[in-house]
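Student: Sequence and computational prediction follow.
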Amino acid sequence: MDVLLDTHVLLWMLDDTSQLSPRAMSVLQNSSNKLHVSVASFWEMAIKQALGNRLSLTQTLNEIAGELARLEIVLLPIELADALSVEHLPLHHRDPFDRLLISQALTRGFVILSRDSAFKDYPVQLEW
């Protein structure tokens, strides 16, 4: 299955797998799954890094991007359809980055791997 990783899942996968649920680890380790990370996650991390204490990373964003290729994780671009479909999402969740991830998963039929329980209010398949 195609799986879109929420930002925190990517970071925990790289730095602290103890934060991941057994189900999340199973999804990540299943070689038949195709893992994706949205450009929106890098945008989110860059903004939080620029704000100072909002995010503590053990690697630079460039190093994290390099890890994607090594781990065979696909970098998912933001398409116009992704941005436009956000307009039609109910306001269950106000985080703009999460709303874009939801939109990307819906427009592509991807599963989202996330601990964020607010995602369950959308018609997207959520794994945790």
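Tutor: It's in.
Student: what pLDDT does the residue lying farthest from the centre of the chain get?
Tutor: What lies farthest from the middle of the chain is Gly52; by CA atoms, centre = their mean that is 21.3 Å. Looking at Gly52, its pLDDT stands at 81.
Student: Going forward, the N-terminal residue is numbered 249.
Tutor: Got it, the first residue is 249 from now on, which makes the last one we talked about Gly300.
Student: Okay, now the unreliable bits of the protein?
Tutor: 301 (pLDDT under 70).
Student: so what's the residue nearest the centre of the chain up against?
Tutor: Centroid-nearest residue in the chain: Asp254, 2.2 Å away (criterion: CA atoms, centre = their mean). If you count contacts by CB atoms under 8 Å, 6 or more residues apart in numbering, Asp254 has them with Ser289, Asp346, Leu349, Ile360, Leu361, Ser362, Arg363, Asp364. Using the backbone N, CA and C atoms, a C-beta is placed for each residue, glycine as well.
Student: circling back: which helix or which strand is home to the residue farthest from the centre of the chain?
Tutor: Using DSSP states H and E, Gly300 sits within no helix or strand.
Student: Appreciated, that's everything.
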